[in-house]
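Novice: this one's structure only:
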């Protein structure tokens, strides 16, 4: 049996300009589930699925903002947990529908997943990950009176920034492993995982955003997966990413490591870094490609393949 880890981009559930209704997102989740049919048909493949949650966490932070006069704000790590459950239930229902149409009774399980980070990670000293709404100067000053936080100025307005520490350990990894070994499809580590730190043997949530691609790699490596596929809205990786020229169909990690800094930070670079780490940690092959071209990607007709 082979083990595949598939990472779904958060924007696939809610594209730019779409209304963030449950109906719209469930429709998109259904399309994503349909695109995974080539994997669902394989009887010799164990499957774990991760996903992004950027748009959904942004919406939850806005709800925090609009309701702050009536209800206490929830911390960021709690909102990540909420969006894991929200996206998980949509994907789980959509996948179960696809499986039923195929005549399969295979289980699908959504597992809330905590990821340990180092409380002394340098990322906490200099937060860089923008989250939540934009503020005017007056709004920012009012918010800072309620709560102290780091912020950046972007085109005359202000936005909160949080740390993006390295993922160290997936707390529920044994549960994920047990579930996929009984051939369940497991949805885990959504949004990079719920970030927690350990203090004197106890765990507590911390406000941070862990890179979802690096957590996907950690999950894949921890499961000793054969393949990691990061599915997004582009057909492949381009050497000239700004103009989408010089498509890369296959690349070795030695070539990739030499040019990694030349790729766009925050988008393609962490995906390539995750694929490189996966191969370095024993993975056989990794792919980056379009969500709706999975079958052609696995057959080498599209996407970018990363190998040793």
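Specialist: Thanks, I have the structure now. Since this is a predicted model, take the numbers as computed values, not measurements.
Novice: Domain parsing of the chain, as residue ranges.
Specialist: When the chain is parsed with automatic domain parsing, its domains come out as 2-118+168-307, 127-162.
Novice: Throw those domains into JSON lines and include mean neighbour count, thanks.
Specialist: Any C-beta I mention is one placed from the backbone N, CA and C, and that applies to glycine too. Below are the domains of the chain laid out as JSON lines (neighbours: other C-beta atoms under 10 Å):
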{"stretch": "domain 2-118+168-307", "mean neighbour count": "18"}
{"stretch": "domain 127-162", "mean neighbour count": "14"}
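Novice: Reformat the ones you listed as CSV; add mean pLDDT.
Specialist: Output for those, formatted as CSV (pLDDT from 0 to 100):
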stretch, mean pLDDT
domain 2-118+168-307, 91
domain 127-162, 86
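Novice: Then residue 288 would be within a strand, right?
Specialist: Yes. Per DSSP: H, G, I helix; E, B strand; the rest coil, residue 288 lies within a strand segment.
Novice: just checking, it touches residue 237?
Specialist: Yes. Between residue 288 and residue 237 there is a contact at 5.5 Å, judged by C-beta atoms under 8 Å.
Novice: what residues are shared contacts of the two?
Specialist: When contacts are counted by C-beta atoms under 8 Å, 6 or more residues apart in numbering, residue 288 and residue 237 are jointly contacted by 268, 271, 272, 304.
Novice: From the residues you listed, which land in helices?
Specialist: Among the shared contacts of residue 288 and residue 237, DSSP state H puts 268, 271, 272 in helices.
Novice: of all those, which comes closest to residue 40?
Specialist: residue 271 (23.4 Å; C-beta to C-beta).
Novice: Next one: the closest one from residue 118, what distance?
Specialist: From residue 271 over to residue 118 the distance is 23 Å, taken as C-beta to C-beta, to the nearest Å.
Novice: Next: residue 136.
Specialist: Distance, residue 136 to residue 118, using C-beta to C-beta: 35 Å.
Novice: Check residue 263 too.
Specialist: Look at residue 263 and residue 118: by C-beta to C-beta, they are 26 Å apart.
Novice: With adjacent residues omitted, what lies nearest to residue 190?
Specialist: In space, and not counting its chain neighbours, residue 190 is closest to residue 84: 4.0 Å by C-beta to C-beta, 6 or more residues apart in numbering.
Novice: how near is the one you found to residue 178?
Specialist: With distances taken as C-beta to C-beta, residue 84 is found 19 Å from residue 178.
Novice: same deal with residue 27?
Specialist: 32 Å.
Novice: got it, and residue 203?
Specialist: The gap separating residue 203 from residue 178 is 21 Å, by C-beta to C-beta.
Novice: how about the helices in the stretch 201-308 of the chain?
Specialist: Assigned helices in the stretch 201-308 of the chain, in chain order: 212-222, 253-259, 268-280, 294-298 (criterion: DSSP state H, counting those that start in this stretch).
Novice: Output the ones you listed in JSON lines; the columns should cover distance to residue 57.
Specialist: Below are the helices of the stretch 201-308 of the chain laid out as JSON lines (distance: least, C-beta to C-beta, whole Å):
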{"stretch": "helix 212-222", "distance to residue 57": "11"}
{"stretch": "helix 253-259", "distance to residue 57": "29"}
{"stretch": "helix 268-280", "distance to residue 57": "17"}
{"stretch": "helix 294-298", "distance to residue 57": "26"}
